[in-house]
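Q: any chance you could fold what I've pasted below:
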Amino acid sequence: MRREVCLFDGTGKHETDRVELPEYTNQIFHGYLPTVGPGTFYGYRVHGPYEPEAGPRSNPNKLVLDPYARAHAGELIWDPVVFTIRWSLWMT
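A: Numbers count the residues shown, from 1 in each chain. Below is the predicted model of the structure:
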């Protein structure tokens with residue numbers, strides 16, 4: 001398993017860099033990016049198992065928002081494509 005921080009330009013639309021979080025302590029991935037400051041647009045990519053029936057739903061193709069962020073930029077459109085599990089699993 002690994003986590004990456006994806007950095008974006010000032011518009012928040014174009015990814016400029018990806019940095020793997022090098023540390024894992026007490027079930028938390030973390031790292032220090034000295035050149036990144038307040039107002040930086042970022043998200044996470046989660047690499048690991050994709051086993052919805054067992055719980056893990058890692059999908060590095062999806063950008064994950066920081067649940068502890070103070071604000072989010074842009075507009076989220078609630079479409080089935082934003083979810084990591086198939087709707088058919090919910091219907092069974």
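Q: from D17, how far out is the closest residue to E51 other than its chain neighbours?
A: Distances taken as CB to CB, 6 or more residues apart in numbering put R57 closest to E51, at 7.8 Å, once the chain neighbours are dropped. (Each C-beta comes from the backbone N, C-alpha and C, glycine too.) For R57, the distance to D17 (CB to CB, to the nearest Å) stands at 25 Å.
Q: please apply the same query to N59.
A: Taking CB to CB, one finds N59 at 20 Å from D17.
Q: what do you get for Y68?
A: 21 Å.
Q: more neighbours: which of the two?
A: D17 (14 against 5; other CB atoms under 10 Å).
Q: grab the nearest non-local neighbour of the more buried one.
A: L7 (4.5 Å).
Q: give me the neighbour count for the one you found.
A: Neighbour tally, L7, other CB under 10 Å: 17.
Q: same deal with V46?
A: V46: 19 neighbours (other CB under 10 Å).
Q: identify each buried residue in the helix or strand containing it, please.
A: Here V46 sits within strand 41-47, counting by DSSP states H and E. For strand 41-47, a neighbour-count test (16 or more other CB atoms under 10 Å) marks 41-46 as buried.
Q: which strands or helices does it pack on?
A: Secondary-structure packing of strand 41-47 (3 or more CB pairs under 8 Å, 6 or more residues apart in numbering; DSSP states H and E): strand 2-8.
Q: figure out how far the strand it packs on is from the centre of its chain.
A: 7 Å (CA atoms, centre = their mean, to the nearest Å).
Q: any idea of the angle the helix or strand just after that strand forms with strand 41-47?
A: Next along the chain after strand 2-8, taking DSSP H and E as the criterion, comes strand 15-20. Interaxial angle, strand 15-20 versus strand 41-47 (axes from the mean of the first three to the mean of the last three CA atoms, to 10 degrees): 50 degrees.
Q: give me the contact list for strand 15-20.
A: 2-9, 31, 33, 45 (CB atoms under 8 Å, 6 or more residues apart in numbering).
Q: so of these, which two are at opposite extremes in space?
A: Maximum pairwise distance in those, criterion CB to CB, is 23.9 Å, between R2 and D9.
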